[in-house]
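Enquirer: I need the structure of the sequence given here:
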Amino acid sequence: MMKIRMNYNLQCEVETSKNDCACNPPHCNITRGGTQVARVWLTPVSLERGHSLERHEIEEIITVVYANRVDLENEYRGKDTLCTIH
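Expert: Numbers count the residues shown, from 1 in each chain. Predicted coordinates:
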């Protein structure tokens, strides 16, 4: 599983063991304290509706996911990747 820590509280995770590529478009899960709080679609980068994130958190998430979207998508699809954390 690929993880990118965004700040002390939020983390972006790509769960590869579920391998739901056939069911869902490429995405990553945003977690807070180990609990999923949102899903971000990778192509195009957009946040799922119905989240409880603050505006500054949304901006940070979109920035980090956009900067790492190729690596995140490769991880989602099970390809070898080199993560570039921004």
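
Enquirer: contact partners of the lengthiest helix in the chain?
Expert: Criterion DSSP state H: the longest helix present in the chain is helix 55-67. The contact list for helix 55-67 (Cβ atoms under 8 Å, 6 or more residues apart in numbering) reads 4, 6-7, 10, 12, 28, 30, 38, 40, 42, 45, 47, 51, 53, 72, 84, 86. In this view, the C-beta of every residue, glycine as well, is placed from N, C-alpha and C.

Enquirer: bridging residues for residue 41?
Expert: residue 27, residue 46 (DSSP bridges).

Enquirer: Quick check: the gap between the residue nearest the centre of the chain and residue 46.
Expert: Compute the mean C-alpha point of the chain, and by Cα atoms, centre = their mean the closest residue is residue 28, 3.0 Å away. For residue 28, the distance to residue 46 (Cβ to Cβ, to the nearest Å) stands at 12 Å.

Enquirer: Now for the two: what residues contact both?
Expert: Taking Cβ under 8 Å, 6+ apart as the contact rule, residue 28 and residue 46 both touch residue 40.

Enquirer: filter the contacts of helix 55-67 to the buried ones?
Expert: 4, 6, 10, 12, 28, 30, 38, 40, 42, 45, 47, 51, 53, 72 (16 or more other Cβ atoms under 10 Å).

Enquirer: Not counting its neighbours along the chain, what's nearest residue 5?
Expert: residue 11 (5.2 Å; Cβ to Cβ, 6 or more residues apart in numbering).

Enquirer: Could you verify that that neighbour is part of a strand?
Expert: Yes - counting by DSSP: H, G, I helix; E, B strand; the rest coil, residue 11 falls inside a strand.

Enquirer: hang on, the earlier thing: so can I have CSV of the buried ones among the contacts of helix 55-67 showing pLDDT and distance to residue 62?
Expert: CSV is the format used below for the buried ones among the contacts of helix 55-67 (pLDDT from 0 to 100; distance: Cβ to Cβ, whole Å):
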residue, pLDDT, distance to residue 62
4, 90, 13
6, 88, 11
10, 94, 12
12, 94, 11
28, 94, 12
30, 95, 10
38, 95, 11
40, 95, 8
42, 94, 11
45, 95, 6
47, 95, 7
51, 88, 12
53, 93, 10
72, 94, 13
